[in-house]
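> Coordinates only, no sequence provided:
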């Protein structure tokens, strides 16, 4: 796997995590599923930031 493929995979993962997390939050009401859904959305945002950092690193910019 190349560095660019890793970045692409991180972005795909981030999108899936955020989509699933939002669905869990919506259908989970005020319960545990909703709470975990919100956590998953935040984790997806973190994965997206990691991809951004790797992209900047590859382009020679500050991470």
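Cool, got the structure. Please read these numbers as outputs of a predicted model, since none were measured by experiment. Numbers count the residues shown, from 1 in each chain.
> quick one: the helices in this protein?
3-27, 32-59 (DSSP state H).
> Apart from its neighbours in sequence, what residue is nearest the residue most central in space within the chain?
What sits nearest the mean C-alpha location of the chain, by CA atoms, centre = their mean, is residue 44, with 2.0 Å. Distance criterion CB to CB, 6 or more residues apart in numbering; nearest residue to residue 44, sequence neighbours excluded, is residue 17 at 3.3 Å. Any C-beta I mention is one placed from the backbone N, CA and C, and that applies to glycine too.
> where does the chain dip in pLDDT?
For the chain, applying pLDDT under 70 flags the ranges 62-63.
> which ones are touching the residue nearest to residue 44?
40, 41, 43, 44, 47 (CB atoms under 8 Å, 6 or more residues apart in numbering).
> how does it look with 6 Å?
Residue 17 sits next to 40, 43, 44 when contact means CB atoms under 6 Å, 6 or more residues apart in numbering.
> what about it, distance to residue 58?
22 Å (CB to CB, to the nearest Å).
> try residue 19
26 Å.
> What residues does residue 34 make contact with?
25, 28.
> er, residue 55 actually
residue 7.
> Near residue 59, how many other residues are there?
Applying other CB atoms under 10 Å, we find 7 residues neighbouring residue 59.
> Would you format the contacts of residue 17 as a markdown table with distance to residue 28 included?
Converted to a markdown table, the contacts of residue 17 look like this (distance: CB to CB, whole Å):
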| residue | distance to residue 28 |
| --- | --- |
| 40 | 11 |
| 43 | 16 |
| 44 | 16 |
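> neighbours around residue 14, how many?
Residue 14 has 21 nearby residues by other CB under 10 Å.
> quick one: which of the contacts of residue 17 is nearest residue 1?
Closest approach to residue 1 among the contacts of residue 17 (CB to CB): residue 44, at 20.3 Å.
> ok, the closest one touching residue 15?
No: assessed by CB atoms under 6 Å, residue 44 is found out of contact with residue 15, at 7.2 Å.
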